[in-house]
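1. Here's my sequence, what's the structure:
(one chain, ligands or ions: 2)
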Amino acid sequence: MHKNITVIEHPVVARDLSILRDKNTGIVEFRKAMARVATILAYSALKELPLRESVIETPITQTKGSEIDTEVIVVPILRAGLSLVDAIIDFIPDAKVGHLGMYRDETTHEPVDYYSNLPDGVSDGMVLLVDPMLATGGSADDAIGFLKNQGAKQIRFISLICAPEGLERITKKYPDVSIITAAVDEKLNENAYIVPGLGDAGDRYFGTT
Ligand code: PRP
Ligand code: URA
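-> Residues are numbered from 1 along each chain as shown. Ligands and ions are numbered 1, 2, ... in the order given. Prediction:
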């Protein structure tokens, strides 16, 4: 595995991935499983947050404390990326959120951009780009390129399931971007869906078809 890729191995993640992959899982259980895995992915992605020392008073004495020493900016790729945002905000309640809207053209499988709204601070902070599915890598490639154009220097990509094709594309083109995921699947099918995957993440999470 490429040094930039972290695949989370945990019994709870394995159980929840099975719930998410199962075509018979309904929307309520799908959302709950996504939220649980998102928490574990977020916890792992935040592992290298820089800290600064502070001084705090316990009820007993003064001691050294820690504060997070960077701004955190979460950037979901709409729509499905929204499913991973709350887990990060639970850990970093003052994180800013930028949105990048794009969908895959059904024929070309290329991403089509339809919206962007980024907060100030992407050039100095830690940017967590989130999208549960990395398939061809086209959407992530576009999003990372856009973030870099806006000056982002520290980008981490959090994804639930990745295809080898997308991972190769992103690790080759952006060797400075680390990737945190719960699974690396087998391949893409002729429609550029991840195999075995879980189908269309946005549709399953939002109840659309
Ligand atoms: C899905 C997914 C990613 C993209 C991955 O979005 O959430 O953004 O496809 O595919 P890629 O790696 O080949 O670019 P989709 O286009 O289905 O939009 P949606 O989230 O609005 O459903
Ligand atoms: N987008 C999805 O939601 N699922 C896939 O398998 C590929 C792209």
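
2. Return the residues of this structure in contact with ligand 2.
-> Contact residues (CB under 6 Å from any ligand atom) of the chain with ligand 2: A80, M133, A135, Y193, I194, G197, D200, A201, G202. From N, CA and C alone the C-beta is placed, and that goes for glycine too.

3. Run a quick neighbour tally on the spatially closest residue to M133 that is not a sequence neighbour.
-> Spatial nearest neighbour of M133, excluding adjacent residues (CB to CB, 6 or more residues apart in numbering): A201 at 4.9 Å. Residues contacting A201 under the criterion other CB atoms under 10 Å number 24.

4. now the helices for this protein?
-> For the chain, applying DSSP state H gives helices covering 11-21, 27-45, 85-91, 138-149, 164-173, 201-206.

5. can I get these in CSV with mean pLDDT?
-> Below are those laid out as CSV (pLDDT from 0 to 100):
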stretch, mean pLDDT
helix 11-21, 98
helix 27-45, 98
helix 85-91, 98
helix 138-149, 98
helix 164-173, 98
helix 201-206, 98
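
6. Could you name the stretch from those helices that's closest to S54?
-> helix 85-91 (18.0 Å; CB to CB).

7. Same question for the closest one: list its buried residues.
-> By neighbour count with 16 or more other CB atoms under 10 Å, helix 85-91 contains the buried residues V85, A87, I88.

8. For the residue lying closest to L82 once chain neighbours are set aside, list each beta-bridge partner.
-> Excluding the flanking residues, the one nearest L82 by CB to CB, 6+ apart is P76, at 5.0 Å. Note on P76: beta-bridge partners V130, judged by DSSP bridges.
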